[in-house]
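Enquirer: below is the sequence, then the predicted model.
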Amino acid sequence: MMKHTISIIVPMYNVENYIERCINSLVSQTVLPDEILIVDDGSTDRSIEIANVYATKYSFVKIVRQKNMGLGGARNTGIYNATGEYLLFVDGDDFIDSTAIAKLSLQLQNVRSDIIIFDLMLVTEAGKKISDRKGVEVSGFEVGTLENNKFLLVERPSACNKLIRRALFNNNLMFPNRVWFEDLYTIGKLLVCAEQISYLSQPLYYYIQHPSSIMHS
């Protein structure tokens, strides 16, 4: 059975208190990703120093540095440099379940998917569970097209709870630079372009809740 390649893209900007936990969760997967691209978005703290330790130790961890372009711009740089057939976006202050790549890879083998949606777990800065967040609220959905499941357009628009076929991105469909809630601009368009979307009802992404974040203010 064909193995699908997966690249993890990690936008990183001044997250020295979190990036070690993030990268540890990626390099300790039960099934390793094909590459991890850490995009340093002009960090001024020790983030790049910490990331360099992993790039030296692991051949599949690569670092791209750029001037500050915001989260969307950092993700775009990752997309341009990625080689995997599928992309997983992990913000530098979050982390993922140790079985995430294994479960997503199995889903790709079992179900042809351009996009796989999965659940999130909200956690404190210390990593303590707050609550689960479903990637798809409508019960019964497992796989289908957007045409027959239009409710997907109003489901959670986060890029971080989706594995996305890299070919869906192009010069006219990327994340906007320096815009708040850049996911809202992009995810709906990706869903429109996807021929088949599937859902994996498991919390694979741990989303840290910062009291002072944009989402909470």
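Expert: Received it, and whenever you're ready, just let me know what you need.

Enquirer: ok, the closest residue in space to residue 65 that isn't next to it in sequence - contacts?
Expert: Distances taken as C-beta to C-beta, 6 or more residues apart in numbering place residue 40 nearest to residue 65, at 4.6 Å, with adjacent residues excluded. Heads up, the C-betas are built off the backbone N, CA and C, glycines and all. By C-beta atoms under 8 Å, 6 or more residues apart in numbering, residue 40 lies in contact with 12-13, 47-48, 51, 63-66.

Enquirer: apply the buried test to those residues and list what passes.
Expert: Using 16 or more other C-beta atoms under 10 Å as the burial test, the contacts of residue 40 include 12-13, 47-48, 51, 63-64 as buried.

Enquirer: after the helix-or-strand element of the chain with minimal mean pLDDT comes which helix or strand?
Expert: Lowest mean confidence among the helices and strands of the chain (mean pLDDT, DSSP states H and E): helix 182-193, at a mean of 91. Later in the chain than helix 182-193, the nearest helix or strand by DSSP states H and E is strand 197-208.

Enquirer: flag every buried residue along that following strand.
Expert: For strand 197-208, using 16+ other C-beta under 10 Å, the buried residues are 197-200, 202-208.

Enquirer: ok, residue 91 - how many residues close by?
Expert: 23 (other C-beta atoms under 10 Å).

Enquirer: any idea how far it is from residue 207?
Expert: 8 Å (C-beta to C-beta, to the nearest Å).

Enquirer: where do the contact lists of those two overlap?
Expert: The contact lists of residue 91 and residue 207 share residue 160, where a contact means C-beta under 8 Å, 6+ apart.

Enquirer: how about the strands in the chain?
Expert: With strands called from DSSP state E, the chain shows them at 6-12, 35-41, 61-66, 86-89, 95-96, 115-123, 129-133, 143-144, 162-165, 197-208.

Enquirer: that older thread, which of the contacts of residue 40 sits closest to residue 174?
Expert: Minimum distance to residue 174 across those is 14.6 Å, recorded for residue 66 (C-beta to C-beta).

Enquirer: got the contact list for residue 189?
Expert: residue 173 are the contacts of residue 189 under C-beta under 8 Å, 6+ apart.

Enquirer: and if we set it to 10 Å?
Expert: 168-169, 172-174 (C-beta atoms under 10 Å, 6 or more residues apart in numbering).

Enquirer: how about residue 121?
Expert: 96-97, 129-133, 161, 202-207.

Enquirer: done for today, thanks.
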